[in-house]
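Asks: curious how this folds, go ahead:
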Amino acid sequence: YIYIYIYIILSIHNKIFLCVFVRFSVNGAKTLSKALTTSENLLSLNLNKNKLGSDGAELISEALRANTSLKELRISHNGLHSKGGVALAGSLTVNSHLAILESTHNGFDSFVGFAFAEALEDNTTLESLRFLTGNQIGEEALEALKQESFGRVVVA
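Replies: Numbering: from 1, shown residues only. The predicted structure follows:
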């Protein structure tokens with residue numbers, strides 16, 4: 001079930017900014033991923049503090065591969081863990097539109113850090129990657145991220 005408590009949609013010149021305050025998990029992620037796959041106007045999506053988990057992250061990540069409009073995704077505090085983090089990183093190898101990704105407090109480990117570093121080899125549009133807080137990616141993965149981003153991505 002999806003329980004929506006408050007939602008705000010702001011449309012400016014046919015571009016949609018969506019801030020969602022919901023409590024949903026994998027079932028809600030299935031519905032959202034279908035919409036995200038076909039959306040041509042959604043620019044910003046805030047999914048912080050839901051219960052997406054690894055499976056929900058995989059669904060959202062698959063949708064990001066097809067999405068051509070989203071510029072900003074906030075997906076912190078969702079319990080994505082290693083499996084979900086690797087899926088999210090993998091979507092960046094294909095997505096050439098996302099500029100800001102925030103994914104703090106998700107239980108990421110060094111494996112996820114190295115997956116993001118590898119993704120940044122191919123991705124040239126990401127400008128900001130906020131995922132160090134509340135994750136344990138380690139110094140080696142952080143160094144790999146710095147090397148692969150060539151200073152063009154702010155990693156915090």
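Asks: so where's the protein shaky on pLDDT?
Replies: Within the chain, the segments meeting pLDDT under 70 span 1-24.
Asks: how about the helices in it?
Replies: 26-38, 53-66, 81-91, 110-122, 138-149 (DSSP state H).
Asks: TSV please, covering these and showing mean neighbour count and distance to residue 155.
Replies: Backbone N, C-alpha and C define where each C-beta goes, glycine included. As requested, the helices of the chain are exported to TSV (neighbours: other Cβ atoms under 10 Å; distance: least, Cβ to Cβ, whole Å):
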stretch	mean neighbour count	distance to residue 155
helix 26-38	17	24
helix 53-66	21	19
helix 81-91	22	13
helix 110-122	20	8
helix 138-149	16	5
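Asks: same list (those) but as TSV, adding distance to residue 99.
Replies: As requested, these are arranged in TSV below (distance: least, Cβ to Cβ, whole Å):
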stretch	distance to residue 99
helix 26-38	16
helix 53-66	13
helix 81-91	14
helix 110-122	13
helix 138-149	13
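Asks: thought residue 36 was touching residue 65?
Replies: No: contact criterion Cβ atoms under 8 Å: residue 36 and residue 65 do not qualify, at 10.2 Å.
Asks: give me the distance between residue 67 and residue 78.
Replies: With distances taken as Cβ to Cβ, to the nearest Å, residue 67 is found 18 Å from residue 78.
Asks: let me fix that: residue 48
Replies: Counting by Cβ to Cβ, the gap from residue 48 to residue 78 is 8 Å.
Asks: and for residue 100?
Replies: From residue 100 to residue 78 the distance is 17 Å (Cβ to Cβ).
Asks: one step back: residue 44 is nearest to which of the helices of the chain?
Replies: helix 26-38 (12.0 Å; Cβ to Cβ).
Asks: just the CA coordinates for that closest one, please, in CSV.
Replies: Only the C-alpha atoms of helix 26-38 are listed here, as CSV (Å, rounded to 0.1, in the frame of the first residue of the first chain):
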residue,chain,number,x,y,z
VAL,A,26,8.7,-2.0,-2.7
ASN,A,27,5.1,-1.9,-3.9
GLY,A,28,5.2,1.9,-4.0
ALA,A,29,8.5,1.8,-5.8
LYS,A,30,7.1,-0.4,-8.5
THR,A,31,4.4,2.1,-9.3
LEU,A,32,6.8,5.0,-9.0
SER,A,33,9.4,3.3,-11.3
LYS,A,34,6.9,2.9,-14.0
ALA,A,35,6.0,6.6,-13.9
LEU,A,36,9.7,7.6,-13.7
THR,A,37,10.5,5.5,-16.8
THR,A,38,8.1,7.5,-19.0
